[in-house]
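*Asks:* one predicted model, sequence on top.
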Amino acid sequence: MSEMTPLNYEELRSLMVAAGLFVLGAIGFLTRRNLILLVLSAELMLHGVSLSLVTFGKIHQNQEGQAFTIFVLTVAACEAGLALSLVLALYRQTHSLDIRLWSELREFDTPVPVMADADGPQSPPSAYDGIPLLTPAGRQPRELPRTVNADPKRPDRTPV
Amino acid sequence: MFWTFALTALLCAALMITSKNPVYGALWFALATLGTCGLFMLQSAPFLAAATIIVYAGAVIVTFLFVIMLAQQSGAAGYDRRAQLVVPAVLSSFVLLGVVVQQLQTNPLKVERPGIVAAEKQSTTKGSATSPPPLPSPDAPIPPPPPVIPAMLSKATPETPVGSMKGLGRSLFGDYLFAVELAGTILLVASIGAIAIAPRREEGAL
């Protein structure tokens, strides 16, 4: 029969250091305003998780903790690459790395949403209500020349 | 030794999240990574320590520094000097840390120790003199073959202790072969996505 034994001191202190790394990363993620340092803080949290996984693997005497950590490493590398290209794309729009500039995700020309019970001028209902505004992409379509009654077969068509 | 690495990691992490200059922040993060790799080494994971150093210090930090230097204005920006939400963030994070540490110290975690148990079993079976199993009588019905249980390749054995390259390779390419393929696919997709997202040269300079 296998016996259940409590964790020993070496394992406990390693887990505590892992928790400390995770918490420091969390503080950095919540308090910093630089986009790049946010990503770095997330990586610090991943370090704490990796250390926990390795310690668990050693406690249970199997390789799975280290195998999982290798996958964590892979995902962290993917995340760093994607996050940095996103940061560059965001920097092109605002020329700043401040996270506060992105606290609102609405388009610049959409009106500020008004609460239903809030007093104030309500915007008139429009046919475009409820249709999301998308970021303009691609080439702007060329407007066709509008000639007066160009089609002789359909005389009922009136020019716009 | 343990506390050297642990203090390096924790201190550099604290300096990283408090540094005003993001370049210094990235460098402190590299040092914290080195401390973590030392802890990996102490937890009998030398391959993992080497891989982490290569990936983080060699690739991630360099990329981060490139981006910081591309996007950095001269001097520390205002958003680097003033933090946001300091008190709630620190409070909630330290509450989390306190709960974890308190739970670990009261120590309700009890784990099975396969290594110790296996060693004890071996010693007990070696001590008792085993008689050879009796031969089955020829007219007895043939017992059905035992069900084939796939061996767990991730279990540490005396030939492949925890953290050895051989054992880790058997675990990764035995038990987790499908996951390894998936991880490779994720890397490919992420690199394609990063190239697609990143601003192109014809779209203008930063």
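*Replies:* Perfect, I can see it now. Just so it is clear, the model here is predicted, and its values are computed rather than measured. Residues are numbered from 1 along each chain as shown, chains lettered A, B, ... in the order given.
*Asks:* pLDDT at the most centrally placed residue in chain B, what is it?
*Replies:* Closest residue to the average C-alpha location of chain B: B:L48 at 7.4 Å, with Cα atoms, centre = their mean. B:L48 carries a pLDDT value of 91.
*Asks:* buried residues in the helix or strand hosting it?
*Replies:* Element membership for B:L48, per DSSP states H and E: helix B:46-52. Within helix B:46-52, the residues scored as buried using 16 or more other Cβ atoms under 10 Å in any protein chain shown are B:F47, B:L48, B:A49, B:A51, B:T52. C-beta: built from backbone N, CA, C; applies to glycine.
*Asks:* give me the subset of the residues you listed touching chain A.
*Replies:* Among these, the ones lying near chain A by Cβ under 8 Å from any Cβ of the partner chain are B:F47, B:L48, B:A51, B:T52.
*Asks:* ok, of the residues you listed, which one's closest to B:Q103?
*Replies:* When these are ranked by distance to B:Q103 (Cβ to Cβ), B:L48 comes first, at 25.9 Å.
*Asks:* isn't that closest one right next to A:L51, touching?
*Replies:* No. With contact defined as Cβ atoms under 8 Å, B:L48 does not reach A:L51; the gap is 10.1 Å.
*Asks:* which residues are in contact with each of these two?
*Replies:* Common contact partners of B:L48 and A:L51 (Cβ atoms under 8 Å, 6 or more residues apart in numbering or on different chains): B:F40.
*Asks:* grab the nearest non-local neighbour of A:M45.
*Replies:* Spatial nearest neighbour of A:M45, chain neighbours left out: A:G25 (3.5 Å); criterion: Cβ to Cβ, 6 or more residues apart in numbering or on different chains.
*Asks:* who are the contact partners of the one you found?
*Replies:* Counted by Cβ under 8 Å, 6+ apart, A:G25 has contacts A:S41, A:A42, A:E43, A:L44, A:M45, A:L46, A:H47, A:G48, B:A13, B:I17.
*Asks:* burial measure for the closest residue to the third one other than its chain neighbours, as a count.
*Replies:* To tie it back to what came earlier, the one meant is A:E43. Nearest residue to A:E43 in three dimensions, chain neighbours excluded: A:A76, at 6.0 Å (Cβ to Cβ, 6+ apart). By other Cβ atoms under 10 Å in any protein chain shown, 21 other residues sit near A:A76.
*Asks:* point out where the chain drops to low pLDDT.
*Replies:* You didn't pick a chain, so chain A it is. A:1-3, A:106-108, A:112-132, A:145-160 (pLDDT under 70).
*Asks:* wait, chain B was what I had in mind.
*Replies:* Using pLDDT under 70, chain B drops low at B:73-77, B:107-108, B:114-138, B:140-141, B:143-151, B:202-206.
*Asks:* ok, now with 90
*Replies:* When residues are selected by pLDDT under 90, those of chain B lie in B:1, B:17-25, B:43-45, B:55-90, B:100-176, B:195, B:197-206.
*Asks:* just the strands in it please.
*Replies:* Per DSSP state E, chain B carries strands over the ranges B:110-112.
*Asks:* show me what contacts residue 16?
*Replies:* Chain wasn't specified; assuming chain A. A:M16 neighbours (Cβ under 8 Å, 6+ apart): B:V100, B:V101, B:L104.
*Asks:* my bad, chain B
*Replies:* A:G28, A:L37, A:L40, A:S41, A:L44, B:G25, B:A26, B:W28, B:F29, B:A32.
*Asks:* list the residues that contact the fourth one.
*Replies:* Spelled out, that is A:S41. So A:S41 contacts A:G25, A:A26, A:I27, A:G28, A:F29, A:R32, B:M16, B:I17 (Cβ under 8 Å, 6+ apart).
*Asks:* that one: what's its closest spatial neighbour, skipping adjacent residues?
*Replies:* Nearest in space to A:S41, with sequence neighbours left out and distances taken as Cβ to Cβ, 6+ apart, is A:G28 at 3.3 Å.
*Asks:* doesn't that neighbour belong to a helix?
*Replies:* Yes. Counting by DSSP: H, G, I helix; E, B strand; the rest coil, A:G28 falls inside a helix.
*Asks:* okay, now it: neighbour count?
*Replies:* 28.
*Asks:* and the helices in chain A, which stretches?
*Replies:* Here chain A has its helices, by DSSP state H, at A:9-31, A:35-60, A:64-94.
*Asks:* please identify the most buried of the ones you listed.
*Replies:* helix A:35-60 (a mean of 23; mean count of other Cβ atoms under 10 Å in any protein chain shown).
*Asks:* now it against helix A:64-94, angle please.
*Replies:* 170 degrees (axes from the mean of the first three to the mean of the last three Cα atoms, to 10 degrees).
*Asks:* how near is the residue lying farthest from the centre of chain B to B:R81?
*Replies:* Most distant from the centre of chain B: B:D139, at 56.6 Å, with distances by Cα atoms, centre = their mean. From B:D139 over to B:R81 the distance is 91 Å, taken as Cβ to Cβ, to the nearest Å.
*Asks:* verify the stated contact: A:R13 with B:F2.
*Replies:* Yes. Between A:R13 and B:F2 there is a contact under Cβ under 8 Å: 6.8 Å.
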